[in-house]
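**Q** sequence unknown, structure follows:
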DNA sequence: TCTATCAATGAATATTTTTCATCAAGGATG
DNA sequence: CATCCTTGATGAAAAATATTCATTGATAGA
């Protein structure tokens, strides 16, 4: 009845990753012959070719491509389930896979994780930041268990909860003319170099909530990957950036940067934690959310 | 290395569904002994009990519950993948699993499906309406391939496209005092029985966009499952309902109901089709979206 | 208390997987 | 262009694994 087995999925992945049956066989601690037989049998049973044999190499057919996509989706889930069950055996509660969708959240997260690790010594924490299908996709796809994001989604099978309020501010260096301003207007950034994390503009609040409504663009827009470098650049007068106020204040001691309100009212932000509804009653998961909310 | 196999997942599902190893064995065309051995071995390898043996029956342990959840999630995906591959073999393109998140969309969908089936004779169409984790969850979880919904989500790994504009209107029966009104105000529903589909109020536009902004509640709120019965009720003067204008007009011929604009401006709605980004270039899937957009 | 039913178990058996040995063919190399 | 190395395919043998059979012990219900 059932023909497609975990081994088939494992094989097609390894072949894709290492280019040949022989290499895949080594990684799976089997012989080339074993894999050849196994896959040949699958092809016979399904009646479809998985690879086109061209010369001495294998190229996935359309069916093969499909199988590969399935394998890449399901094999990690099987592995993780197995891992999880072994953890049950060791009396460990499990592993908490946290996904991050906003760059500065990472700094905040670090402050939550360490008391959490202390309180739950037998829960492993793993933080992931890159998602093929976005944070929501990762949550739905069981790649992560908790999503840290500024954009909640109040429907479907997910639960979101706000855990942290902060203000998004402009950061300027020691020589900057705006240094002592109470707040800044969009027009005042016309001649500036704006440094941001390298994400789409419609995910940057300084654009969506501040510059775009006023129809303003900064002189130049420079994407920088890491917070440290970003602030170094700001401190040395190479540009301005938009970051959470608490983050700027932490750096202010050593870097001589200043936080300035964006607009008269400021930009208020919240960080949310999202979990799958089905997981809502897992104790070590709830505990994390509650710990995060308190701080 | 890999211990958890498809068979284990199949067994725990069947045992859950049919209550005993013996019954599960029958369904899997194996003996009770085979299943017992298989699962015992798994338990030994993982070092964790899947079931508590109480008297002559099996109750899942915590680990068992977890494994069951995994199985219920992954086994259907494996089966579907296998089915899909067999379709490749038969030269069929595949199956289009359509998920519906709005009740009246169903009527609209029927009009798209029949020309689609004609144009793609070797694609099967399957329509699903109940989702454990919402329509988005079903899309992310590979339970469906296309989601029909009035609420798009423009981010993550999904693509949404509007395919149909319509107006949400109030439906009244032949004797109703509002029958000849050009439009209706929220206050005029104060003394009415409002019939809707049985979904949460915040997913009903007549509430979110019409009644709630005015702070009005109808005299009574009656949920009805099917469109036909709903309109029968309206026609016989038992209440009023909110439905798409085109739907009402189709029924108007035989049922003597009338569509009345909601508010002076009316309520404009759109139906969207959502697909996974990764699937965006599958021809028979694209074709469906395009066909839907044209009509 | 008796009986029917369930799960567990050990040994025997059947099946499947894997390896081994070998071949054929394709690239690479000089 | 011949040679050499590597790759995948294949059939038969061997090993490993899964399955059955036969039986036991336990238990819920009559």
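**A** Great, that's in hand. Everything numeric in this text was worked out from a predicted model, so none of it was measured. Residues are numbered from 1 along each chain as shown, chains lettered A, B, ... in the order given.

**Q** which helices and strands does the lengthiest helix in chain A pack with?
**A** Counting by DSSP state H, the longest helix found in chain A is helix A:62-89. Using 3 or more C-beta pairs under 8 Å, 6 or more residues apart in numbering or on different chains; DSSP states H and E, the elements in contact with helix A:62-89 are helix A:6-18, strand A:94-100, helix B:32-46, helix B:62-89. The C-beta positions use only the backbone N, C-alpha and C, and glycine is treated the same way.

**Q** near chain B, which residues of the stretch 101-250 of chain A?
**A** By C-beta under 8 Å from any C-beta of the partner chain, the residues of the stretch 101-250 of chain A that approach chain B are A:132-137, A:140-142, A:151, A:153, A:155-158.

**Q** Restricted to buried residues, select those in PyMOL.
**A** Buried residues among these (16 or more other C-beta atoms under 10 Å in any protein chain shown), as a PyMOL selection:
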select buried, chain A and resi 133+134+135+136+137+140+141+142+151+153+155+156+157+158
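
**Q** Can you name the residues of chain A that neighbour DNA strand D?
**A** Residues of chain A lying near DNA strand D by C-beta under 7 Å from any atom of the strand: A:15, A:20-23, A:32-33, A:36-37, A:39-40, A:51, A:53, A:56-58.

**Q** Now rank those by neighbours and give me the top one.
**A** When those are compared by neighbour count (other C-beta atoms under 10 Å in any protein chain shown), residue A:15 ends up highest, at 25 neighbours.

**Q** Take the helices and strands packed on helix A:62-89 and write them to JSON lines, including mean pLDDT.
**A** Shown next, in JSON lines, are those (pLDDT from 0 to 100):
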{"stretch": "helix A:6-18", "mean pLDDT": "94"}
{"stretch": "strand A:94-100", "mean pLDDT": "88"}
{"stretch": "helix B:32-46", "mean pLDDT": "93"}
{"stretch": "helix B:62-89", "mean pLDDT": "92"}
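
**Q** circling back: restricted to strands, list the residues of the stretch 101-250 of chain A next to chain B.
**A** residue A:158 (DSSP state E).

**Q** ok and the residue in the stretch 101-250 of chain A nearest DNA strand D?
**A** residue A:142 (25.1 Å; C-beta to the nearest atom of the strand).

**Q** re earlier: just checking, which of the residues of the stretch 101-250 of chain A next to chain B belong to helices?
**A** Among these, DSSP H puts A:134, A:135, A:136, A:137, A:140 in helices.

**Q** Not counting its neighbours along the chain, what's nearest the second one?
**A** In space, residue A:135 comes closest to residue A:101 once its chain neighbours are excluded; the distance is 4.1 Å by C-beta to C-beta, 6 or more residues apart in numbering or on different chains.

**Q** That neighbour and residue A:151, how far apart?
**A** Counting by C-beta to C-beta, to the nearest Å, the gap from residue A:101 to residue A:151 is 7 Å.

**Q** what does residue A:162 give?
**A** 12 Å.

**Q** got any residues that touch both of those two?
**A** Both residue A:162 and residue A:151 are in contact with residue A:272, where contact means C-beta atoms under 8 Å, 6 or more residues apart in numbering or on different chains.

**Q** coming back round to it: in the longest helix of chain A, what counts as buried?
**A** Of the residues in helix A:62-89, those with enough neighbours to count as buried (16+ other C-beta under 10 Å) are A:63-64, A:66-68, A:70-71, A:73-75, A:77-78, A:81-82, A:84-88.

**Q** Tell me where the stretch 101-250 of chain A has strands.
**A** Using DSSP state E, counting those that start in this stretch, the strands of the stretch 101-250 of chain A run over residues A:123-128, A:146-149, A:158-172, A:183-184, A:193-196, A:220-223, A:240-244.

**Q** coming back round to it: closest one of the residues of the stretch 101-250 of chain A next to chain B to residue A:209?
**A** Nearest to residue A:209 among those: residue A:151, at 12.9 Å, using C-beta to C-beta.

**Q** mind listing what the closest residue to DNA strand C within chain A touches?
**A** Of all residues in chain A, the one sitting closest to DNA strand C is residue A:55 (2.4 Å; C-beta to the nearest atom of the strand). Residues near residue A:55 by C-beta under 8 Å, 6+ apart: none.

**Q** ok, now residue A:31?
**A** Neighbour list for residue A:31: residue A:25 [criterion: C-beta under 8 Å, 6+ apart].

**Q** Got phi/psi on it?
**A** Here is the backbone geometry of residue A:31 (degrees, to the nearest 10): phi -90, psi 160.
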